[in-house]
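> sequence below, structure please.
(2 chains)
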Amino acid sequence: MLSIQITTGSDVPIFRQIVEQVRAAIACGKLSVGDPLPSVRALAAEIVVNHNTVAKAYAQLIRDGIVESHQGRGYFVAERREIFTKAERTRRVNVMIQPLVSEAALLGFSGEEVLAMVEKQFSKMVASNQGNR
Amino acid sequence: MDQPNFAAIHAVGLTRYFESKCVVNNLDFRVPSGKVTALLGLNGAGKTTTLRMMMGLLAPTRGTCQTLGVDSQSMSPEHLSRIGYLVEGHYLYPWMKVTEVARFARDGQTVFDDRRFDEIVHHFGIMTSQRCGDLSRGQRAGVSLAATLAADPELLVLDDPALGLDPVSRRSLNETLVDFAAQTTTDDRPRTVLLSTHLIDDVERIADEIAVMIAGRLLIHASVAEFQNRVTRYAFDVPAESENESLVSQMQAAIDGLVESRMVGKHCTVCVADAADDVAEQLAKLSSGSVETLAASLDELVVAYLSRDRAEHSFLAKRNGHKVEEMSSSSVVTNGEQAR
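Numbering: from 1, shown residues only, chains lettered A, B, ... in the order given. So this is what the prediction gives:
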């Protein structure tokens, strides 16, 4: 089940918020390969956002290889495949690690402690993904 | 959307004077078909006057406006039935029941979808047996909107529809507009919405494009995403000995597209439109340390634009030897004339 929360007045544009939340829902197993996404109009009505903005987010997800569009049937979570180079994938993860590391350092965690916490989250996610299949 | 370059409204050199005061000044404006465009600007910027000229309710002093392909000053009743216009304030006869509003509105229209009228009215929590005089402001907005949308307009123009609405009515309004804009008309034409508003959060949700009007001119018109990309915010600290005023004038001279600069103590933030590559370098010369580039929300960017407008107003007022108070009282007179 996909539930998307939009924040206005943020420096993240709404279309990007949608893209990120769909990606997160797939990553943590709330959506699995082959699951349908709501239609553009249905999602637009649900989150009260211009339909062109939702369509733009879906187009981005298709370009990223995360979602497929089947003519006349709608949008579905695609089979995972690598469409980014290793360097690009590393860059994307690094963007997310930066705020995590500074917050953890500020709160007095060591590198090992942070690593352990990340690993714990990772195995939790893998377990819940297997539970869903 | 199949005709991406088609403009639902195309104003060229649109100008309007009220006596000697220029309210709309040589305005060129293309409202793209199939999209939701939000018109922003301070009170008295000329938004209502512009919309009224586009709707053929007011003659321009100079310039022309094509509305759905026809000169706005010579639109036939058939042509007007393709256009819905919601005026500011949602005026309804207080003695009319909601059902009577529907009957009254239907008379002037070629198409009137009773089911859509009822749906929208219910969405605003209104019973059709109620009298308009007993409705809240938000409910009156709902009835006006329902009567306008039931006529299946291809072009919908709303003048500050959210003015004074509570959060629940505002949400109903936004939901109705999002849904309306996503549908095509019964004869399968894309719908176009143009609305003036002050609520930037709502604009971010429901609009494709933003146009900012300042003192009768269109300052910037871009898609919501492009708008956010076109303006960059920088932050830096200035040396303790530098004087704020000379610093600001130095920046104004050195940087093209400076939208706003703000000094809080010795910390400076500036917004620059279409920033050249060397802006950060230029700012570094004035700074006591490094220059940071910040992401900005739509809200912050629009406010930056609009506060420049206010600053220019008071600057012009000072230069012309008027006090700022006189300036604001003259804009009150203009509003009175617009309302007539």
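> okay, and B:Thr176 sits in which element?
helix B:167-182 (DSSP states H and E).
> tell me, what residue is most central in the chain?
I went with chain A, as the question did not name one. What sits nearest the mean C-alpha location of chain A, by Cα atoms, centre = their mean, is A:Arg23, with 1.8 Å.
> ah, no, chain B please
Closest-to-mean residue, chain B, Cα atoms, centre = their mean: B:Leu39 / 1.9 Å.
> strands of the chain, residue ranges please.
Defaulting to chain A. In chain A, the strands defined using DSSP state E lie at A:36-37, A:67-70, A:74-77.
> looking at chain B here, not the other one
In chain B, the strands defined using DSSP E lie at B:7-18, B:21-32, B:36-40, B:62-67, B:70-71, B:83-86, B:155-159, B:192-196, B:209-214, B:217-223, B:231-237, B:258-264, B:267-273, B:292-294.
> so which of those comes closest to chain A?
Comparison of these against chain A by Cβ to the nearest Cβ identifies strand B:36-40 as nearest, at 5.8 Å. Glycine gets a C-beta too; all of them are placed from N, C-alpha and C.
> now B:Arg131: how far from B:Lys97?
When distance is defined by Cβ to Cβ, to the nearest Å, B:Arg131 is 6 Å away from B:Lys97.
> one step back: now the strands of chain A as a markdown table including mean pLDDT?
Output for the strands of chain A, formatted as a markdown table (pLDDT from 0 to 100):
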| stretch | mean pLDDT |
| --- | --- |
| strand A:36-37 | 94 |
| strand A:67-70 | 92 |
| strand A:74-77 | 94 |
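> and the gap between the residue of chain A positioned farthest from its centre and A:Met117?
Relative to the mean C-alpha coordinate of chain A, counting by Cα atoms, centre = their mean, the farthest residue is A:Gly108 (28.6 Å). Between A:Gly108 and A:Met117 the distance is 13 Å, computed by Cβ to Cβ.
> how about low-confidence regions in the stretch 151-300 of chain B?
The model of the stretch 151-300 of chain B has no residue with pLDDT under 70.
> go again with 90.
For the stretch 151-300 of chain B, applying pLDDT under 90 flags the ranges B:164, B:186-187, B:214-215, B:219-220, B:224-233, B:236-300.
> flag every residue of it that's near chain A.
By Cβ under 8 Å from any Cβ of the partner chain, the residues of the stretch 151-300 of chain B that approach chain A are B:171, B:174-175, B:178-179, B:181-182, B:200-202, B:204-208, B:224-225, B:228, B:294-299.
> just give me the neighbour total for residue 83.
No chain was given, so I picked chain A. 12 (other Cβ atoms under 10 Å in any protein chain shown).
> you answered for a different chain; I wanted chain B.
Here the number of neighbours of B:Ile83 (other Cβ under 10 Å) works out to 24.
> coming back round to it: of the residues of the stretch 151-300 of chain B next to chain A, just the buried ones, PyMOL syntax please.
Selecting the buried subset of these in PyMOL, with 16 or more other Cβ atoms under 10 Å in any protein chain shown as the burial test, is done by:
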select buried, chain B and resi 171+174+175+178+179+181+182+200+202+204+205+206+207+208+224+225+228+296+297+298+299
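> show me where chain A has its helices.
Secondary structure of chain A by DSSP state H: the helices cover A:14-27, A:40-47, A:51-63, A:86-106, A:111-132.
> highest average neighbour count across the ones you listed?
Most buried of the helices of chain A, by mean neighbour count (mean count of other Cβ atoms under 10 Å in any protein chain shown): helix A:51-63, with a mean of 20.
> orientation of that one relative to helix A:14-27 in degrees?
50 degrees (axes from the mean of the first three to the mean of the last three Cα atoms, to 10 degrees).
> any figure for the gap between B:Leu80 and chain A?
Distance, B:Leu80 to chain A, using Cβ to the nearest Cβ, to the nearest Å: 26 Å.
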